[in-house]
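A.B. asks: one predicted model, sequence on top.
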Protein chains: 2
Amino acid sequence: MTTTIALDAMGGDHGPRVTVPAALAFLRGNQDGRLVLVGQPEPLEAELRRLGARWDDRLQLQAATEVVRMDEPPAQALRSKRDSSMRVAVTLVRDGVADACVSAGNTGALMAVAHFVLKTLPGIDRPAIMAALPTMRDHVHLLDLGANVECTAEHLRQFAVMGAIVVSAVEGRARPSVGLLNIGSEDIKGTEVIKAAAALLQESNLNYVGFVEGDGIYTGNTDIIICDGFVGNIALKTSEGLAQMISHLMRREFERNVATRLAGLVAMPILKAFRRRVDPRRYNGATLVGLNGVVVKSHGGADVLGLRNALQVALSEGRKKVPALIRRELEPAPERGLA
Amino acid sequence: MTTTIALDAMGGDHGPRVTVPAALAFLRGNQDGRLVLVGQPEPLEAELRRLGARWDDRLQLQAATEVVRMDEPPAQALRSKRDSSMRVAVTLVRDGVADACVSAGNTGALMAVAHFVLKTLPGIDRPAIMAALPTMRDHVHLLDLGANVECTAEHLRQFAVMGAIVVSAVEGRARPSVGLLNIGSEDIKGTEVIKAAAALLQESNLNYVGFVEGDGIYTGNTDIIICDGFVGNIALKTSEGLAQMISHLMRREFERNVATRLAGLVAMPILKAFRRRVDPRRYNGATLVGLNGVVVKSHGGADVLGLRNALQVALSEGRKKVPALIRRELEPAPERGLA
């Protein structure tokens, strides 16, 4: 069975120069995948020609006349750009033409458009942004990463339920472990909201493992870590900043003089192997969970490899029909017979 | 003029095995420093003997019979251990015998004891934990790092005022820049508390530079970054966790086989130079600002180099009488004559 993904082909910092080659690479690697490139036909066709490729039944065009700018306010993108590549891509998901969509456009606008077009699933108050990060062992899923700056305990509980469904569906784990990000592991630590959320998770049928501190994100002992969008965004961006600083300062040490440059050449393959292991492009592709459809946000600056990974995330979740799984989990249990 | 520091010589994971050698190293490096080691005379004297040193007028003993355990609840440490090395060290500051004190004991207990014994400065609602972190350029001061999980805009403003006084006094910068940690740089981003704090800082006479995102912590463009204790603690611990993961995975790559081990030997001096640059021990020593006295918290697991650095932080702030500077800044302006 094929899975169809609508790609906002105009989104991101680089537009068709990245989206079209990423689309072609994705199709080569996934015989069961189909793509609909959404955007202005001319630049898309020019890029296709440049790459010696053409439209066929696995790579189709859906024209959209407008483009949401990277700095465009969400409300404006929603109200005044009804024929944007972003919105048309999301609408293809709503209409069942695509199983998932991907955009590297601006996060706020994508969240606003997706929320408006797809609506939240019954039982979900707010969609959240969920993404994977590398850990010492493998990877961890973190949510919310910035959609909701202020959350109630009930919101955090819903994030946990959704996170567990995504991970168990996509990674085939029966009962993924769920932790709550906090500033200490003792029961008395944290805000009132965190303590109330801990109580809700304790009562739930999730595999809740308790509080996780900031450094616990990277140990890899927990499959899913829950936090509000303010804290999640700070944790994510702080990590990005520290990784950049480490890479910058290390490069500076290796470039100090001829001897250190030579040592750098010797160490290069090892440093490259290390970088491959934690390459942020391999983790590109955050899911907007809680909507009536699969929407994946790619980093705006993602290159071909990064965007390809986001398409892969969309394929996995679209194939498993994650929104339907969440809907089923949250539905009131049907009346059962006496036996 | 000499500056006297009271050192809780029983605190931390290692007690006298670290505190005594760190004290001796500190005295060798600072001819204008004096230390009072607070704790149980026997283990302290045994350690002194082992190191071939003895009490003199720059290294004195203040006996204290009890020790606060690393996992002891703050309330219990406060109520039932009135003769703990931690409390006696803080009391020496209150009584003017010492200009500052240092403890590697448990943070919650130290905050509770210091708050109770020294009280907050007039105009300060809550003390905060402030520490320096390395950046691409130099370092940044971050507060609060965990003393206050929920803060009002006014608390954040007070943190900013205190942070600016500490940095300008200790580092001799006239108008250090102050940023507010947030999840975006646009005015509309963040919680209501953050937006209200931004308005207060805008009106203040501080060198307020606006919102800083998580990755901006490490660029080094801002001298001081303000946040509530929940977010600050998450940012700090997340950074610790990521740094550990990077170091662990990099070591693993270098230990893969004989060739990578050899490459590791070649690269070792460069990696060491890099590590020295970001060595957390060089940043050890967080200040509890806002109290009627200088109190410095060392990491519980700090080694001799780390604790020595915390003593150095205490020396700088004790010498400059930082609490008096904060008090003066917050005092209502005196009536001035007509001219």
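C.D. replies: That came through, no problem.
A.B. asks: tell me where the model's unsure across chain A.
C.D. replies: A:332-339 (pLDDT under 70).
A.B. asks: can you give me the helices in it?
C.D. replies: A:16-29, A:41-50, A:74-80, A:85-94, A:107-118, A:153-171, A:192-203, A:229-254, A:258-278, A:304-319, A:322-330 (DSSP state H).
A.B. asks: deepest-packed of these, please.
C.D. replies: helix A:85-94 (a mean of 26; mean count of other C-beta atoms under 10 Å in any protein chain shown). Yep, even glycine has a C-beta here, placed from its N, CA and C like the rest.
A.B. asks: now do it and helix A:322-330, the angle between them.
C.D. replies: Counting by axes from the mean of the first three to the mean of the last three C-alpha atoms, to 10 degrees, helix A:85-94 lies at 50 degrees to helix A:322-330.
A.B. asks: what residues does the stretch 51-200 of chain A have near chain B?
C.D. replies: A:134-136, A:146, A:149-150, A:181, A:183, A:189-192 (C-beta under 8 Å from any C-beta of the partner chain).
A.B. asks: how close does the residue nearest the centre of chain A get to A:R256?
C.D. replies: Closest to where the C-alpha atoms of chain A average out (C-alpha atoms, centre = their mean) is A:A286, at 0.7 Å. Shown here: A:A286 relative to A:R256, a distance of 37 Å by C-beta to C-beta, to the nearest Å.
A.B. asks: rewinding a little: right, and the residue nearest to the centre of chain A touches A:V296 too?
C.D. replies: Yes: in this structure A:A286 lies within contact range of A:V296 using C-beta atoms under 8 Å: 6.9 Å.
A.B. asks: returning to what we had before: wait, what's in contact with the residue nearest to the centre of chain A?
C.D. replies: For A:A286, the contact set (C-beta atoms under 8 Å, 6 or more residues apart in numbering or on different chains) comprises A:129-131, A:145, A:296-297.
A.B. asks: for B:G306, state which of those is nearest.
C.D. replies: A:L145 (33.1 Å; C-beta to C-beta).
A.B. asks: contacting residues for the closest one?
C.D. replies: Applying C-beta under 8 Å, 6+ apart, the residues contacting A:L145 are A:128-131, A:229, A:232-233, A:236, A:286.
A.B. asks: mind listing what A:P323 touches?
C.D. replies: A:121, A:291-294.
A.B. asks: what sits against A:L61?
C.D. replies: Counted by C-beta under 8 Å, 6+ apart, A:L61 has contacts A:36-37, A:41, A:44-45, A:55.
A.B. asks: make that A:V67, sorry
C.D. replies: A:V67 touches A:10-11, A:15, A:39-40, A:81, A:84-85, counting by C-beta under 8 Å, 6+ apart.
A.B. asks: again, but for A:D57
C.D. replies: Contacts of A:D57 by C-beta under 8 Å, 6+ apart are A:R34.
A.B. asks: 10 Å instead, please
C.D. replies: Contact analysis of A:D57 by C-beta atoms under 10 Å, 6 or more residues apart in numbering or on different chains lists A:2, A:34.
A.B. asks: and for A:L7?
C.D. replies: A:L7 neighbours (C-beta under 10 Å, 6+ apart): A:19-20, A:22-23, A:26, A:35-39, A:59, A:62, A:85, A:89, A:92, A:98, A:100-104, A:296, A:298, A:307, A:310-311, A:314.
A.B. asks: find the nearest non-adjacent residue to A:K81, please.
C.D. replies: Spatial nearest neighbour of A:K81, chain neighbours left out: A:E66 (4.6 Å); criterion: C-beta to C-beta, 6 or more residues apart in numbering or on different chains.
A.B. asks: ok, the one you found touching A:Q76?
C.D. replies: No: applying C-beta atoms under 10 Å, one finds A:E66 not in contact with A:Q76, separated by 11.5 Å.
A.B. asks: want to throw the residues of the stretch 51-200 of chain A next to chain B into JSON lines with distance to B:E331?
C.D. replies: Shown next, in JSON lines, are those (distance: C-beta to C-beta, whole Å):
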{"residue": "A:P134", "distance to B:E331": "51"}
{"residue": "A:T135", "distance to B:E331": "50"}
{"residue": "A:M136", "distance to B:E331": "51"}
{"residue": "A:G146", "distance to B:E331": "41"}
{"residue": "A:V149", "distance to B:E331": "36"}
{"residue": "A:E150", "distance to B:E331": "36"}
{"residue": "A:L181", "distance to B:E331": "40"}
{"residue": "A:I183", "distance to B:E331": "33"}
{"residue": "A:K189", "distance to B:E331": "35"}
{"residue": "A:G190", "distance to B:E331": "35"}
{"residue": "A:T191", "distance to B:E331": "33"}
{"residue": "A:E192", "distance to B:E331": "35"}
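A.B. asks: tell me which two of the contacts of A:P323 sit farthest apart.
C.D. replies: Most distant of these, by C-beta to C-beta, are A:L121 and A:V294, 11.7 Å apart.
A.B. asks: more neighbours: the two, which one.
C.D. replies: Neighbour totals were compared for A:L121 and A:V294, and A:V294 leads with 30 against 22 (other C-beta atoms under 10 Å in any protein chain shown).
A.B. asks: partners of the more buried one in the sheet?
C.D. replies: Counting by DSSP bridges, A:V294 is bridged to A:A100.
A.B. asks: circling back to that earlier point, how close does the residue nearest to the residue nearest to the centre of chain A when sequence neighbours are not counted get to B:A314?
C.D. replies: Nearest residue to A:A286, sequence neighbours excluded (C-beta to C-beta, 6+ apart): A:A131, at 3.8 Å. Between A:A131 and B:A314 the distance, using C-beta to C-beta, works out to 41 Å.
A.B. asks: same deal with A:D215?
C.D. replies: Taking C-beta to C-beta, one finds A:D215 at 26 Å from B:A314.
A.B. asks: and for A:L118?
C.D. replies: 57 Å.
A.B. asks: same check on A:V289?
C.D. replies: 48 Å.
A.B. asks: what does A:D57 give?
C.D. replies: 72 Å.
A.B. asks: same question, A:G229
C.D. replies: Counting by C-beta to C-beta, the gap from A:G229 to B:A314 is 38 Å.
A.B. asks: what does A:P122 give?
C.D. replies: 58 Å.
A.B. asks: show me what contacts the one residue in the stretch 51-200 of chain A that gets nearest to chain B?
C.D. replies: Nearest residue of the stretch 51-200 of chain A to chain B (C-beta to the nearest C-beta) works out as A:I183 at 4.1 Å. Contacts here follow C-beta under 10 Å, 6+ apart; on that basis A:I183 touches A:189-191, A:194, A:211, A:213-214, A:231, B:145-146, B:149, B:229-234, B:236-237.
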